[in-house]
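Colleague: Just to be clear, the model below is a prediction. Sequence and coordinates:
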Amino acid sequence: MTDPTPANAARRPPRKPTAFRLDDERVRFDADDLGEPLSDEARIVPARESTDEAPPPAPEPGRGIRFGRWLAAGLGGLMLLAAGLAVDGFVRDLFARTDWLGWTGLALAGLALAGLLGLAAREAAGLARLRRIDHLRAALAAAAEADDAKAARAALADLLVLYGERAETAHGRAALAAHLREVIDGRDLVVLAERELLAPLDVTARRLVADSAKRVSLVTAVSPRALIDLIVVLAENLRLIRRLSALYGGRPGTLGFLRLARHVAAHLAVTGGMAAGDSLVSQVLGHGLAARLSARLGEGVVNGLLTARIGIAAADVCRPAPYIGGRGPRIADFMTDLVKTLPDEGKETGRR
């Protein structure tokens, strides 16, 4: 296009549109220093790259100094020092009395130290297993979402190692290993692992959740005290979380179990709203039916549903792979079993 100066534009009338070839002598480029353009010439001005720089990313907020961890580390260290000094003083007193008492006390102190180190090693191993399962679940979810066969094979190889010593997974491990190189899609590999390796464990997990929900429903329906209901529900839910973790390969220690329970509570907080639409009708109908039979039976059904929901959340957290090929258990899946556990005496009372 023509790029006349303001003075030339005032003296020369506008030019009519004209077609030019790029190899025409009358075509000039802006970079060429050819003087003022003529009336029968065209000037091509190449687009210049923008010099505007992208704004720098906003800095991430710093976590700051964690004074709480400092406090916990300091108090823990002081307690260990106090315990060590107390044991040292006690053993010295035993030696002051007689040698055999001193050696006995020293042997017992060594035994206690060995036990403490063993507990620490077991807790560390339990935490490592939980982190490994979390990593596996995230890796398989990412591989299925991106359909990355290479990443899926790497994660599934780790999954096979995780269940390498489990006799009930021998058939699934053999089937998965046989088809691992034949499937080329990452998502299909994850689905294959779900069907061949995790499906038997999922069946056992549903049975564990159903059994715990039925026990809670039955015990709280016939127990005379609310305190007993609370103790039974708490103990059964904690036992269910630990059993599900052991089923899927977690086997947490005390610290690992506390971490796992926190993850289950966080999972319940995140998925509670989404799960409400799936099970609200079943809960309301089931509670209404049981309430017509007996108020205690209604409380038993509600407590059983609560245990089932916690079990579902625990299975999602403990399972080393997300649900890709199928859906996980729902509250409605356990409703029929809970109603079947209602005592016949309560049903007869409701009929009368």
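Modeller: Alright, I've got the coordinates. Numbering: from 1, shown residues only.
Colleague: use CA for all of it now, contacts and neighbours both
Modeller: OK.
Colleague: what about Asp333, which helix or strand?
Modeller: Assigned by DSSP states H and E, Asp333 falls within helix 332-340.
Colleague: Then Arg206?
Modeller: helix 199-222.
Colleague: That helix packs against which elements?
Modeller: Secondary-structure packing of helix 199-222 (3 or more Cα pairs under 8 Å, 6 or more residues apart in numbering; DSSP states H and E): helix 226-247, helix 295-318, helix 332-340.
Colleague: Let's have the ones you listed in TSV, adding distance to Arg153.
Modeller: Listed next are these as TSV, based on distance: least, Cα to Cα, whole Å:
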stretch	distance to Arg153
helix 226-247	23
helix 295-318	21
helix 332-340	33
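Colleague: quick check: mean pLDDT across the helix ranked longest in the chain?
Modeller: Ranked by residue count under DSSP state H, the longest helix found in the chain is helix 99-146. Mean pLDDT, computed over helix 99-146, is 89.
Colleague: tilt between that helix and helix 226-247?
Modeller: Per axes from the mean of the first three to the mean of the last three Cα atoms, to 10 degrees, the angle that helix 99-146 makes with helix 226-247 is 70 degrees.
Colleague: Which of the helices and strands packed on helix 199-222 comes out lowest on mean pLDDT?
Modeller: Here these differ in mean pLDDT, and the lowest is helix 332-340 at a mean of 71.
Colleague: So which bits of stretch 121-134 are buried?
Modeller: For stretch 121-134, the neighbour count (16 or more other Cα atoms under 10 Å) marks Arg122, Glu123, Ala125, Gly126, Leu127, Arg129, Leu130, Arg132, Ile133, Asp134 as buried.
Colleague: how close does the fourth one get to Arg166?
Modeller: Same thing as Gly126. Remark: distance between Gly126 and Arg166 (Cα to Cα, to the nearest Å) = 17 Å.
Colleague: again, but for the third one
Modeller: According to Cα to Cα, Ala125 and Arg166 sit 18 Å apart.
Colleague: one step back: any idea which of the helices and strands packed on helix 199-222 gets closest to Ala112?
Modeller: Smallest distance to Ala112 across these (Cα to Cα): 26.6 Å, for helix 226-247.
Colleague: can you list contacts of that closest one?
Modeller: 201, 205, 208-209, 212, 216, 219-220, 223, 251-252, 257, 261, 303, 307, 310-311, 314-315, 318-319 (Cα atoms under 8 Å, 6 or more residues apart in numbering).
Colleague: So how do I select the buried members of those residues in PyMOL?
Modeller: The buried subset of the contacts of helix 226-247, as determined by 16+ other Cα under 10 Å, is captured in PyMOL by this line:
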select buried, resi 201+205+208+209+212+216+219+220+251+252+257+261+303+307+310+311+314+315+318+319
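Colleague: Could you confirm Arg251 falls within a strand?
Modeller: No - the assignment for Arg251, made by DSSP: H, G, I helix; E, B strand; the rest coil, is coil rather than a strand.
Colleague: That one contacts Gly126, doesn't it?
Modeller: Yes - under the criterion of Cα atoms under 8 Å, Arg251 makes contact with Gly126 at 6.2 Å.
Colleague: Now the terminal residues of stretch 188-208, how far apart.
Modeller: 28 Å.
Colleague: tell me the mean pLDDT for it?
Modeller: Rounded mean pLDDT across stretch 188-208 is 87.
Colleague: Just the buried positions in it, please.
Modeller: Neighbour count says stretch 188-208 has 188-198, 201-202, 205-206, 208 buried, by 16+ other Cα under 10 Å.
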